[in-house]
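Chemist: sharing a model that was predicted from the sequence below.
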Amino acid sequence: MPVRRSLLAAPVLEVAPKLLGMVLRRTTDEGTVAVRLTEVEAYDGPNDPGSHAYRGQTARNAVMFGPPGFLYVYFTYGMHFCMNVSAGPDGQPSAVLLRAGEVVEGVELARRRRGAPASAETKFNQTAGVRSAGLSGAGVRAAGSSGAGVQPGPAGGKAAARRNPDWELARGPARMCVALGIDREANGVDLLARDAEVQLVPGPGFEGEPSTGPRVGLREAADRPWRFWIPGDPTVSAYRPHVPKKRA
């Protein structure tokens with residue numbers, strides 16, 4: 001069941017923290033990948049110099065000017081896609097950048113898209129299949145992948161979790177797009193439609209209050225604490241302030 005549109009029609013600073021713990025799910029012919037959102041950033045249109053909509057509507061940012069609950073995808077740095085959820089009333093451009101999350105469904109497909117090693121379970125199945133076909137140990141090594149990292153747990157803590165490649169699969173806005181297979185073709189998708197290829201659905205949420213801090217890599221309005229994340233979650237991306245380019 002998709003999220004109710006009325007929940008996303010509130011002011012963007014109210015919507016953004018509510019997205020934490022929700023799940024973004026995409027289904028294609030390859031399969032389904034779902035990501036539980038752990039970090040987001042709010043962008044408040046004409047009231048926000050850091051927003052794409054600050055200077056008015058363009059072909060690129062048109063989704064932000066429409067109704068809430070639609071996916072706004074843009075290309076940046078000539079190499080990455082990033083995605084946002086439109087928020088606020090129709091005609092008042094604002095959006096929430098989806099910065100990071102935990103892959104909770106379709107981990108193996110997300111790994112293939114990210115070029116990550118296969119999990120221990122997949123490696124075992126590959127090895128068993130190769131051996132049943134009568135291949136040598138050298139063939140097994142060639143067909144397999146390196147092992148999975150340490151699983152997070154009470155003894156390992158955040159450092160142990162980060163050694164597990166699964167926690168890096170959607171850690172950052174570009175990585176999350178790759179893991180979900182999101183590109184420009186997904187721009188304008190209604191995330192709340194029941195038959196949509198990409199859907200925003202209720203998730204497990206989290207207990208307590210979200211952490212807040214400055215948004216990442218902005219030249220303007222960088223000090224506004226409009227980034228929200230689940231405290232202590234290892235999938236939350238590292239904070240990086242904007243670094244001005246030095247003139248030659």
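Modeler: It's in.

Chemist: host element of the residue nearest to the spatial centre of the chain?
Modeler: Compute the mean C-alpha point of the chain, and by CA atoms, centre = their mean the closest residue is Met176, 3.7 Å away. Here Met176 sits within helix 173-180, counting by DSSP states H and E.

Chemist: for Glu41, same thing?
Modeler: Assigned by DSSP H and E, Glu41 falls in strand 31-43.

Chemist: same question for Phe228.
Modeler: Short version, using DSSP H and E: Phe228 is in strand 227-229.

Chemist: show me the helices in the chain, by range?
Modeler: 5-8, 12-19, 107-114, 120-132, 137-143, 157-162, 173-180 (DSSP state H).

Chemist: run a quick neighbour tally on Ala201.
Modeler: No Ala there; residue 201 is Val. 14 (other CB atoms under 10 Å). For glycine as for every other residue, the C-beta is placed from the backbone atoms N, C-alpha and C.

Chemist: distance-wise, check it relative to Leu191.
Modeler: Distance, Val201 to Leu191, by CB to CB, to the nearest Å: 9 Å.

Chemist: so where is the protein shaky, pLDDT-wise?
Modeler: Scanning the chain for pLDDT under 70 picks out 118-165, 242-248.

Chemist: pop the domain breakdown of it in here.
Modeler: 5-107+169-229, 117-167 (automatic domain parsing).

Chemist: span of the longest one from start to end?
Modeler: In terms of CA to CA, to the nearest Å, the two terminal residues of domain 5-107+169-229 are separated by 22 Å.
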